[in-house]
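Enquirer: test case, fold it:
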Amino acid sequence: MANLKSTIETLSEEFARNVLAALKHASIEEIMGVQGSAARAARASTGAPTARAKGPSARKPRPAAKRKGRLPRRSPDALAKVVDDIEQLLRKHADGLRAEQIRAELGLEAREMPRPLAEGLKTGRLTKTGDKRATTYFAGATKAASGKSTAKAKGSSRSKRGARRARK
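Expert: Next up is the predicted model:
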């Protein structure tokens, strides 16, 4: 076992010396050519995609990294301004908008949305129908006056369901 280990060490040291000697005597063009052909061979064996376009226009600029973590504390005035912006946007869209659409229109982050929406709903400046991702927001009481509230609809369907169960 010790003989095998010493043989492997000797061969690896000799290999490293030969590689370094070859690099010392090689030109930059030769080194770059070897690197390019080795990279192509590695991509071909692994099936990795190759870059087609070269030059400064080949690279797409990376989008700015989004900040992670908590948002800075917002003042009541800042929250009121966001609620105002949401209300104005919803007044332009009588059919209402989902939170994702509001966020896209106003250029807000997803984590900026819950508190202004909750404030608007609490004060009555905004109304909503639906649940979870199917929630559609409307400005003021305009939608509530023309349609049924979701709470009433839920309650009535639950009572019907309960009545059906009671009959069985």
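
Enquirer: this protein: strands as residue ranges?
Expert: 97-98, 126-129, 136-139 (DSSP state E).

Enquirer: R73: which of the ones you listed is closest?
Expert: R73 sits nearest to strand 126-129 of all the strands of the chain, at 22.5 Å, using CB to CB. Just so you know, the C-beta spots here come from the backbone N, C-alpha and C atoms, and that holds for glycine as well.

Enquirer: mind listing what that closest one pairs with, with the direction of each?
Expert: In the sheet, strand 126-129 lines up against strand 136-139 (antiparallel) (DSSP bridges).

Enquirer: alpha carbons of the partner strand, in CSV - could you do that?
Expert: Output of strand 136-139 as CSV, limited to C-alpha atoms (Å, rounded to 0.1, in the frame of the first residue of the first chain):
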residue,chain,number,x,y,z
THR,A,136,-60.4,42.0,-7.0
TYR,A,137,-60.2,45.5,-5.5
PHE,A,138,-62.6,48.4,-6.2
ALA,A,139,-62.6,52.1,-5.3
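
Enquirer: now do the lengthiest helix in the chain, average pLDDT.
Expert: Taking DSSP state H as the assignment, the helix of the chain that covers the most residues is helix 2-25. For helix 2-25, mean pLDDT rounds to 88.

Enquirer: again, but for stretch 135-152
Expert: According to the model, stretch 135-152 has a mean pLDDT of 63.

Enquirer: out of the strands of the chain, flag the one nearest K24.
Expert: Here strand 97-98 is closest among the strands of the chain (CB to CB), at 65.0 Å.

Enquirer: packing partners for the closest one?
Expert: Helices and strands touching strand 97-98, by 3 or more CB pairs under 8 Å, 6 or more residues apart in numbering; DSSP states H and E, are strand 136-139.

Enquirer: domain-wise, how is the protein divided?
Expert: Split into domains by automatic domain parsing, the chain comes to 8-45, 76-148.

Enquirer: adding mean neighbour count, write those domains out as a markdown table.
Expert: A markdown table is the format used below for the domains of the chain (neighbours: other CB atoms under 10 Å):
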| stretch | mean neighbour count |
| --- | --- |
| domain 8-45 | 10 |
| domain 76-148 | 15 |
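
Enquirer: now the ones you listed in TSV, with distance to R70?
Expert: Shown next, in TSV, are the domains of the chain (distance: least, CB to CB, whole Å):
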stretch	distance to R70
domain 8-45	42
domain 76-148	9
